[in-house]
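In: here is my input; please provide its structure:
(one chain, ligands or ions: 1)
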Amino acid sequence: MAALILFLHYAGGDRVWHSPAAYANFTIDDPWLRQPYGYVNYEELVQHARAHNFHATIAFIPWNFDRSQSSVVSLFRENPDKLSISIHGNNHVHQEFGPLASHALSEQVENMRQGLARMERFRALTHIQYDPVIIFPHSIAPEATFSELRKNQYLGAANSLNVPSDATAPEGADFALRTATLRFGDFPSLRRYSAEADIPPAQIAIDAFLGNPILFYAHESFFVSGMDAFDKTADLVNRLQPGTRWDGLGSIIRHLYLERRRSDGKYELRAFSSKLEITNDHDRDVEYVLEKDETFSHGLTALIDGRSVPFTKSGNVLQATFRIEKGATKEFSVRYADEAALASIDTAKTSFHTNAIRLLSDFRDNVVSRSLVGRKFIESYADNGRAWNLFFVSSGGLGLVLLLAWYFARRSIRISGLDSAAR
Ligand SMILES: [Zn+2]
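Out: Numbers count the residues shown, from 1 in each chain. The predicted structure follows:
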């Protein structure tokens, strides 16, 4: 069927659903801004991103907000088209956005609010912008968490699954074929592919054809063979869809819409986000008719460039009409009555449990992971964590590991101290 479908899409041109541009992103989970982080060499990452035309986002753990090295900060500030930051949980302790039975919603709300507060501190310290897009540590959150993220003004989420842990995927190809969904808590949720697994090129081609943003992710160990590990995937995307815009997750979510021309000359927009930047790149002024899935379970206002516009409700769809002049860009947004203000929240790192886990993770990624035996151990630990913990406790090895982590943390603080003193 591919030939026929491709022909129809081509022949339909402006009159069939299409995205404003083809978007793609590559996210690396967990690192903070130290050079190198495990196998991630930031300078080489930028060189490869330039040579192979891709963009790298760091899924940044807010707990790390105050320990960036100035040389890496400069690199991010000098290359905003190639590097960006999104949010990876708050403390990244095991499943902090996990099932509600073991992780109360109130605790999760505290974590998402402290995460944002810490990222604001990160921005003040480094002058690097970040996108309030969350990548859940370990696994995707339950549906109630999605609503809370929307209330707390997160822009969206990107994970290997886009369906909350306690929800079932809606039936039908319309859902399965899209990267993004608004079905859960009126909050944009995007799926992404592991760059560490083999992704069939046909799957990427289908996403490109449908105008879906194509998102990839990996961890520092992905680069054990060298900083060129992602190049072939970027090349494949750029070959399948020339003109792909590689961008940060925030920009991608702000362009999550499809449009098509109606016979009366107006343009229909189907929105997959509550905050959109819409550019009229046609050769005349255009009247847009926007539709967006909405549960209407809370009061809301539709806005164009911050000014309210009238909208109608039809079932679970919001419809708004507005005009954009030729060549102009306008921001469409939905503001919800239950949105929380960003309060001043304590960003301090006082939890011994969290601090120990973060320092152990640093030790894992920056010391253990750098040897073959270490990487084998990490793989084995991921599969048989319980058995290893029992072994450590019974052998007193855990104390040793903690001691090493403490030593390593002191060393890294000294190194980052030296780095900032040098500048
Ligand atoms: Zn992680």
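In: domain-wise, how is this protein divided?
Out: Here the chain is described, according to automatic domain parsing, as comprising the domains 21-254, 257-336, 352-422.
In: what is the burial count for Glu339?
Out: Around Glu339 sit 13 other residues, with neighbours defined as other CB atoms under 10 Å. Every C-beta, even on glycine, is put in place using the N, C-alpha and C of the backbone.
In: tell me who's in contact with the one residue in the stretch 151-300 of the chain that gets nearest to the ion.
Out: Residue nearest to the ion within the stretch 151-300 of the chain (CB to the ion): His219, separated by 7.3 Å. Contacts for His219 were tallied using CB atoms under 8 Å, 6 or more residues apart in numbering; they are 28-30, 196.
In: tell me the pLDDT of it.
Out: At His219, the model reports a pLDDT of 97.
In: with Arg410 instead?
Out: Arg410 carries a pLDDT value of 60.
In: can I assume Ser189 is in contact with Thr181?
Out: Yes - applying CB atoms under 8 Å as the test, Ser189 and Thr181 come out as touching, 5.4 Å apart.
In: neighbour count: these two, which is higher?
Out: Counting neighbours by other CB under 10 Å for Ser189 and for Thr181 shows that Ser189 has the greater number, 26 against 19.
In: name the nearest residue to that one, sequence neighbours excluded.
Out: Asn162 (4.3 Å; CB to CB, 6 or more residues apart in numbering).
In: can I take it that that neighbour is in a strand?
Out: No - looking at Asn162 with DSSP: H, G, I helix; E, B strand; the rest coil, it is coil, so not inside a strand.
In: ok so, going back, how about the residue of the stretch 151-300 of the chain closest to the ion, phi and psi?
Out: Note on His219: backbone dihedrals following degrees, to the nearest 10 are phi -120, psi 170.
In: switch to numbering from 831
Out: Fine by me, first position is 831 from now on; the one you just mentioned is His1049.
In: next one: it from Ala889, what distance?
Out: Between His1049 and Ala889 the distance is 9 Å, computed by CB to CB, to the nearest Å.
In: joint contacts of those two?
Out: Residues touching both His1049 and Ala889 by CB under 8 Å, 6+ apart: 858-860.
In: most neighbours, which of those?
Out: If you rank the shared contacts of His1049 and Ala889 by neighbour count (other CB under 10 Å), Ile858 sits at the top with 25 neighbours.
In: and that one, bridged to which residues?
Out: When bridges are called by DSSP bridges, Ile858 pairs up with Ile888, Ala1048.
In: how far away is it from Arg845?
Out: Counting by CB to CB, the gap between Ile858 and Arg845 amounts to 39 Å.
In: which stretches of the chain have low pLDDT?
Out: Across the chain, the stretches falling below the confidence threshold (pLDDT under 70) are 1172-1174, 1212-1253.
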